[in-house]
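Chemist: pasting the sequence and the predicted model now:
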Amino acid sequence: MNVKRKSGKLDKVAADRKWEKIIVLGDKGTGHMLSENMNKQIDEVIQKNLLNEQEEKVVEEINA
């Protein structure tokens with residue numbers, strides 16, 4: 001994964017959609033690399049792999 005390219009795209013989406021908060025799910029290292037390369041601040045990194053989970057499970061983890 002090219003972190004600089006992904007973080008640039010994420011910055012654009014966050015700005016276009018006027019996101020107030022960014023929560024990254026996954027490993028801490030990826031969250032740290034994204035935060036170093038983004039203009040917008042990442043508010044929280046949740047260290048869980050929820051890639052194959054149902055949407056409801058992901059929302060539960062974010063709101064826990």
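Modeler: In hand now; what should we look at?
Chemist: switch to C-alpha atoms for all contacts and neighbour counts from now on
Modeler: Noted.
Chemist: what about the residue nearest the centre of the chain, is that helix, strand or coil?
Modeler: Nearest to the geometric centre of the chain sits Val24, at 2.8 Å (CA atoms, centre = their mean). Per DSSP: H, G, I helix; E, B strand; the rest coil, the secondary structure class of Val24 is strand.
Chemist: looking at it, it is touching His32, isn't it?
Modeler: No: under the contact definition of CA atoms under 8 Å, Val24 does not touch His32, with a separation of 9.7 Å.
Chemist: measure the residue nearest to the centre of the chain to Ser7 for me?
Modeler: Here the criterion is CA to CA, to the nearest Å. By it, Val24 lies 12 Å from Ser7.
Chemist: from the contact counts, what lies against the helix of greatest length in the chain?
Modeler: With DSSP state H setting the assignment, residue counts place helix 3-16 as the longest helix in the chain. Packing contacts for helix 3-16, counted by 3 or more CA pairs under 8 Å, 6 or more residues apart in numbering; DSSP states H and E, involve helix 28-37.
Chemist: next SSE downstream of the helix it packs on?
Modeler: Using DSSP states H and E, the helix or strand that follows helix 28-37 in sequence is strand 44-46.
Chemist: distance of Val3 relative to Glu60?
Modeler: To Glu60, Val3 is 27 Å away according to CA to CA.
Chemist: quick check, pLDDT for the closest residue to Lys48 other than its chain neighbours.
Modeler: Taking CA to CA, 6 or more residues apart in numbering as the measure, Lys48 lies nearest to Gly26, with 5.0 Å between them; neighbours along the chain are not counted. Per-residue confidence (pLDDT) for Gly26: 82.
Chemist: also the one 5 residues further on?
Modeler: Each residue has a pLDDT score; the one for Gly31 is 82.
Chemist: for it, give me its contacts.
Modeler: When contacts are counted by CA atoms under 8 Å, 6 or more residues apart in numbering, Gly31 touches 24-25, 42, 45.
Chemist: and the furthest pair within these?
Modeler: Based on CA to CA, the longest span within the contacts of Gly31 runs between Leu25 and Ile42 and measures 10.9 Å.
Chemist: who has more neighbours, the two?
Modeler: Leu25 (19 against 16; other CA atoms under 10 Å).
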